[in-house]
Structure formats: C-alpha cells, structure tokens
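> give me a 3D structure for the following:
(one chain, ligands or ions: 1)
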Amino acid sequence: MFGFRNKLPQDIFKGATDLHCHLLPGVDDGFSTVEKSLHALKKLEEHGIKKMVLTPHFMKDYPDNNRTTITAKFEAYKEEAARVCGIELHIAGEYMMDARFLEHFKQGFLTLDKQGTHVLCETSYLMCEQGVSEMLYEIMCSDYQPVIAHPERYEYANKDDYFKWVDKRFKFQLNILSLAGAYGSNAVAKSQYLLKEGLYDYVGSDMHGLSNYERFLPEIRLSNKNIERLEQLIENNKKLVG
Ligand SMILES: [Fe+2]
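I've put the predicted structure just below:
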C-alpha cells in the first residue's frame, strides 16, 4: 500500500508560511537560546520559507507568558533576526484550553492573522478537559475563529469527535511531522485520514528544534492526491497571513 506514496516535491515549501513554531527562544519547551533559533531561521530560509508565525505556549506550565511579556520578547528577537535573515516574522500564541485560557481571552489573543480572528488552540494529548466546548463557544461569540492545533495527536479523539468539531466550525491545523511518524503510528494514521477527508485547513511545523524537523521531514510519503491536498493547505496558510 505504501508503494503508491511519493516523497514531497523538493520545492513544496518555496515561498511558504509556517503557522506554528516555537522559535521564540527561552519562553517554553521550544528553542532554548537565541543562537540556536537564529541558526534554524537561516536553515529555513534556505528551504524557501518566506514567513514564520511564532506561536509560544500560553499555558499553566509557563505562567510568565502573557500578551505583554511575549510581545516584548518578540520585538527584541525580531530585531536580532532581521540582522541574519530575510524571513518575515509574526507573533501569535498556542493557547492551551486550561484554567488560564479565559484570562488570555480577556487580555486579547495573539492571533495567527492580522485581522485578529484566528486563535491557535490545543488540548492535552490524553484528555479533553471539561469546559473546552464552552470556552470555544464563548470566544466564537466574540468573533474569534478557533484553529485546533494537531488534532491527529489527541489520543482521546476519534472520527466522531473530529466531525463534531467540524460541525462546530472549528478549523484544523495539521502538524506536518505527524505524517512522518514523529508522534507514533496512531498520529500517522489519523493525519493521513484527516488529510484524505479534507478536514484540515492549515498546516504547521510545530518546530521545537531543528534536528527533529530535518530528521522527519524527508520521511514523509503521500499519495499524489494527498500531496495536492497538502499544497492546498500551504496556500491557505499564505492567504491567512497575507
Ligand atoms: Fe506547538
């Protein structure tokens, strides 16, 4: 069955926009230093990436991360980055739907798009905590559009859950390394399924370090039809950020 699958075209990320990464250094479990992060940026520029939306974690585990602190750190980082590469950088957040979610909502989310609507949201991998649907409903009443990060990685989620979320008008963002097996065989199967069903809207690398990205990306094998679907997601990313 895998015989009909192909490598990604070499230039698939030429001019692309990455909507999910942890390149802002020293604020979460992503890049630990400015040097490592800038090195990765230069590599990504060689791969043809044009824009990156930085999405540090906003969750209980990182209590110092809020709109004010992250924006200030991003502005300083952006200046450093401009000295070494031409990738256009934007700041957003990856918001865990935990006890602090509504606090971040009141502060105003850092969104993926300039229009200030699309909010990258995640749940725990093991369980969907109580109240998640209500929280998402509340932010949608304020015209925010939830974008669910890596739905394929939630172990508790089944096909019914995915279609229920689609019915609620949540958008889905594929973590591209799921396709390569970076998060196990269940995530491979679910990501292939969601891609085939056309349930994804966007794609992100969710890069926490360069080595995982460089190791797993060449491992991806997709049918030609799914490569076309992935190319469409890359187009959707570009349109969202503008
Ligand atoms: Fe992430």
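> pLDDT of stretch 151-164, averaged?
Confidence for stretch 151-164, expressed as mean pLDDT, is 96.
> what's the span of it from first residue to last?
12 Å (CA to CA, to the nearest Å).
> next one: stretch 146-156
Stretch 146-156 end-to-end distance (CA to CA) = 19 Å.
> which other residues reach it?
Contacts of stretch 146-156 with the rest of the structure, by CB atoms under 8 Å, 6 or more residues apart in numbering, involve 20, 94, 112, 118-123, 125-128, 136, 139-140, 157, 161-162, 165, 170-175, 178, 183, 186-187, 190-191, 194, 199, 201-202, 204, 206. Placement of C-beta: from N, CA and C, glycine included.
> ok, which of the residues you listed also contact the ion?
Among these, proximity to the ion is found for 94, 206 (CB under 5 Å from the ion).
> which of the residues in the one helix or strand Leu38 maps to are buried?
Element membership for Leu38 (DSSP states H and E) is helix 34-46. Using 16 or more other CB atoms under 10 Å as the test for burial, helix 34-46 gives 37-38, 40-41, 44.
> now do the contacts for Gly209.
30-31, 36, 40.
> how about the residues you listed in TSV, adding pLDDT?
Listed next are the contacts of Gly209 as TSV, based on pLDDT from 0 to 100:
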residue	pLDDT
Gly30	97
Phe31	98
Lys36	97
Ala40	97
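> could those residues be laid out in CSV, adding distance to the ion?
Below are those laid out as CSV (distance: CB to the ion, whole Å):
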residue, distance to the ion
Gly30, 8
Phe31, 12
Lys36, 17
Ala40, 15
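> so which of the residues you listed comes closest to Lys238?
Set against Lys238, the nearest of the contacts of Gly209 by CB to CB is Ala40 (20.8 Å).
> tally of neighbours for the closest residue to the closest one other than its chain neighbours?
Nearest residue to Ala40, sequence neighbours excluded (CB to CB, 6 or more residues apart in numbering): Leu210, at 4.4 Å. For Leu210, the neighbour count with other CB atoms under 10 Å is 17.
> roughly how far does Leu210 sit from the ion?
Leu210 sits 15 Å away from the ion when distances are taken as CB to the ion, to the nearest Å.
> let me see the contact set for that residue.
Counting by CB under 8 Å, 6+ apart, Leu210 has contacts 36, 39-40, 43.
> now, the contacts of stretch 146-156 that are in helices?
Mapping those onto helices (DSSP state H) picks out 136, 139-140, 161-162, 165, 186-187, 190-191, 194.
> list buried residues within those.
Among those, those classed as buried by 16+ other CB under 10 Å are 136, 139, 162, 165, 187, 190-191, 194.
> wait, which of the residues you listed is closest to the ion?
Nearest to the ion among those is Ala187, at 13.8 Å by CB to the ion.
> closest to Lys225 among the buried residues of helix 34-46?
Closest to Lys225, out of all of those and judged by CB to CB, is Leu44, at 27.1 Å.
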